[in-house]
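Peer 1: no sequence for this one, just the structure:
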């Protein structure tokens, strides 16, 4: 696993001065973001020089975040000889009058002997298709491989990246990015990028919806939340086809196929409101634009997923075709995969994969608490209403993840090799302990009893502070390859910047990580 850390350097290159990311009074939030990204990109050459990167390396701006203390965090992707460097992302931290710093996904020097590939692209494509072995390979197809520098596991090497699309055993689409060594043809890594996770709905009861009038009827188009549209996939198994926009003659929604649409529209709106009101984020990409949602995907499809490719959310109807996976925490979870993709880009493998899933569980839970819907009372349980396994139990428990019979309560040497849904237990458990503390308690009628690895007693600081700390670390400190140990470092730093270094909150973060054996 790549070692990533925070290193300081006293000054920028002589020809570079600190950027001012202060808002322009006349600019909208979306316009301000565009200006910040352009300004950062104009400084990228000088920034690369200041970081001591090689002459073949260039930086491409991915995100700019200005913290409340004035620190500007600029996230970059990297190229080498014109090729993308996967696992080479970094974040530069800059504040006037303070020492600048950088967090890197890899500390390795980016350099390869040659940009000529011995292994042809056709071999990489064949290898990538083989990666879907055990799934529905008959429906798999591979795009033409692109040449990259792979820096995700130690020494950088020339490689091929091939995107294989297909279908998993449960019917979920797959967009698997397979990395193969350009010299030997050996598979180096793979990263899955499709993540599972007034109207009356199936789960939320009667709720207010923002709709739009079109001619003599109404459409499920929400102009108050980025123009979000809710569509009927009409049981199509396509992972990107938009389907048909829901319409209604009298703007009273619900019943039949509309019920799932109501829940999906409501879930998107509440997730948008959570990010905007709690975290000051304007949509998934922070650009004011909404994704779109598709309900009734596939036939008896028992899952839901986020797809960056179409920037859309998809919901199946469950094994019986009558139990849509449109509950509020599922919507918040899946849409949050989009936020992770737009920020830290946590790879869906190893410990970063567990952190990716934990992030979606954490924010999905926070959406549920901020919505405070009487029909879906807030809790630290994931998917408790959809009964995915048919046993009436939640999918995951944040207070003691192992109660599902599979997830981890504590970190160990095997964590990085587990399915991200299972290794996410470490991050989920940390978040619960940081929010509520250890031991037995009842919250909104649900009983919890959270243990600790070392038997220590952890005192929570409240969910609101815990959410702020996790989001700040995700957007300012985490990179594509962040491990649990690095997540500890990033969240302690975030807590210190928000509430004071060495303060109660920062100490609580340390105690909660220690309690799940991340030291």
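Peer 2: In hand now; what should we look at? Just so it is clear, the model here is predicted, and its values are computed rather than measured.

Peer 1: what ranges do the strands span in the stretch 301-450 of the chain?
Peer 2: Here the stretch 301-450 of the chain has its strands, by DSSP state E, counting those that start in this stretch, at 304-307, 312-315, 381-382, 396-397, 439-443, 446-450.

Peer 1: closest to residue 475 out of these?
Peer 2: Closest approach to residue 475 among these (CB to CB): strand 304-307, 17.8 Å. C-beta coordinates here come from the backbone N, C-alpha and C atoms, glycine included.

Peer 1: Name the residues that touch that closest one?
Peer 2: With CB atoms under 8 Å, 6 or more residues apart in numbering as the test, strand 304-307 has contacts from 172-173, 175, 193-197, 239-240, 312-316, 325-326, 330-331, 334-335, 337-338.

Peer 1: now do 7 Å
Peer 2: Identification of contacts with strand 304-307 by CB atoms under 7 Å, 6 or more residues apart in numbering yields 172-173, 194-197, 239-240, 313-316, 325, 330, 334-335, 337-338.

Peer 1: And those residues, which of them are buried?
Peer 2: Taking 16 or more other CB atoms under 10 Å as the criterion, what is buried in the contacts of strand 304-307 is 172-173, 194-197, 239, 313-316, 325, 330, 334-335, 337-338.

Peer 1: Could you dump the strands of the stretch 301-450 of the chain into CSV and include distance to residue 224?
Peer 2: Listed next are the strands of the stretch 301-450 of the chain as CSV, based on distance: least, CB to CB, whole Å:
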stretch, distance to residue 224
strand 304-307, 22
strand 312-315, 18
strand 381-382, 27
strand 396-397, 31
strand 439-443, 31
strand 446-450, 32
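
Peer 1: For residue 330, which non-adjacent residue is closest in space?
Peer 2: With CB to CB, 6 or more residues apart in numbering as the criterion, residue 330 has its nearest non-adjacent residue at 5.5 Å, and that residue is residue 304.

Peer 1: Then residue 354?
Peer 2: residue 423 (3.1 Å).

Peer 1: What is the neighbour count of the one you found?
Peer 2: Using other CB atoms under 10 Å, residue 423 is surrounded by 29 other residues.

Peer 1: where's it relative to residue 487, distance?
Peer 2: 12 Å (CB to CB, to the nearest Å).

Peer 1: Low-confidence ranges, this structure, go.
Peer 2: 1-26, 132-139, 170, 195-197 (pLDDT under 70).

Peer 1: Can you pull up the most central residue in it?
Peer 2: Centroid-nearest residue in the chain: residue 340, 2.5 Å away (criterion: CA atoms, centre = their mean).

Peer 1: list the contacts for that residue?
Peer 2: For residue 340, the contact set (CB under 7 Å, 6+ apart) comprises 346, 356, 359, 474.

Peer 1: let's see 8 Å
Peer 2: 346, 356, 359-360, 474.

Peer 1: Tell me the spacing between it and residue 33.
Peer 2: Residue 340 sits 18 Å away from residue 33, going by CB to CB.

Peer 1: swap in residue 322?
Peer 2: In terms of CB to CB, residue 322 sits 42 Å off from residue 33.

Peer 1: Give me the more crowded residue out of these two.
Peer 2: Legend: neighbour count by other CB under 10 Å for residue 322 and residue 33, higher for residue 33 (19 against 10).

Peer 1: How many neighbouring residues does residue 290 have?
Peer 2: Residue 290 has 23 neighbours, counted by other CB under 10 Å.

Peer 1: On the three-state scheme, it is what?
Peer 2: coil (DSSP: H, G, I helix; E, B strand; the rest coil).

Peer 1: coming back round to it: just to check, the residue nearest to residue 354 is in contact with residue 409?
Peer 2: No. Assessed by CB atoms under 8 Å, residue 423 is found out of contact with residue 409, at 11.3 Å.

Peer 1: if I pick residue 249, what's in contact with it?
Peer 2: Residue 249 sits next to 216-218 when contact means CB under 8 Å, 6+ apart.

Peer 1: Can you give me the distance of it to residue 216?
Peer 2: As for residue 249, its distance to residue 216 is 7 Å (criterion: CB to CB).

Peer 1: for residue 258, same thing?
Peer 2: 18 Å.

Peer 1: higher neighbour count, these two?
Peer 2: More crowded of residue 258 and residue 216, by other CB under 10 Å: residue 258, with 22 against 6.

Peer 1: so what's the more buried one up against?
Peer 2: If a contact means CB under 8 Å, 6+ apart, then residue 258 has 199, 246, 248 as its contacts.

Peer 1: From those, pick the one nearest residue 384.
Peer 2: Closest approach to residue 384 among the contacts of residue 258 (CB to CB): residue 199, at 22.1 Å.

Peer 1: now what about stretch 508-519, what contacts it?
Peer 2: Residues contacting stretch 508-519 (CB under 8 Å, 6+ apart): 409-412, 426, 429-431, 433-434, 438, 452-454, 456, 458-461, 469, 484-485, 487-488, 491-492, 495.

Peer 1: Figure out how far that stretch is from the centre of its chain.
Peer 2: Centroid separation between stretch 508-519 and its chain, computed with CA atoms, centre = their mean, to the nearest Å, is 22 Å.

Peer 1: How about stretch 149-167?
Peer 2: How far stretch 149-167 lies from its chain's middle: 20 Å, per CA atoms, centre = their mean.

Peer 1: again with stretch 294-307
Peer 2: Using CA atoms, centre = their mean, the offset of stretch 294-307 from its chain centre is 19 Å.

Peer 1: now do stretch 324-333
Peer 2: Distance of stretch 324-333 from its chain centroid, counting by CA atoms, centre = their mean, is 15 Å.

Peer 1: which of the residues in that stretch are buried?
Peer 2: Across stretch 324-333, burial judged by 16+ other CB under 10 Å covers 324-333.

Peer 1: mind putting the residues you listed in CSV, distance to residue 286 included?
Peer 2: CSV is the format used below for the buried residues of stretch 324-333 (distance: CB to CB, whole Å):
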residue, distance to residue 286
324, 29
325, 26
326, 25
327, 25
328, 22
329, 22
330, 23
331, 19
332, 17
333, 19
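
Peer 1: Just the buried ones among the contacts of strand 304-307: which are in helices?
Peer 2: 330, 334-335, 337-338 (DSSP state H).

Peer 1: so who does the residue lying closest to residue 408 once chain neighbours are set aside touch?
Peer 2: Distances taken as CB to CB, 6+ apart place residue 425 nearest to residue 408, at 4.1 Å, with adjacent residues excluded. By CB under 8 Å, 6+ apart, the contact set of residue 425 is 354, 358, 396, 401-402, 407-409.

Peer 1: Show me just the buried residues among those residues.
Peer 2: 354, 358, 396, 401, 407-409.

Peer 1: Out of the residues you listed, flag the one nearest to residue 380.
Peer 2: For the buried ones among the contacts of residue 425, the nearest to residue 380 is residue 396 (9.3 Å; CB to CB).

Peer 1: Sweet, I'm off.
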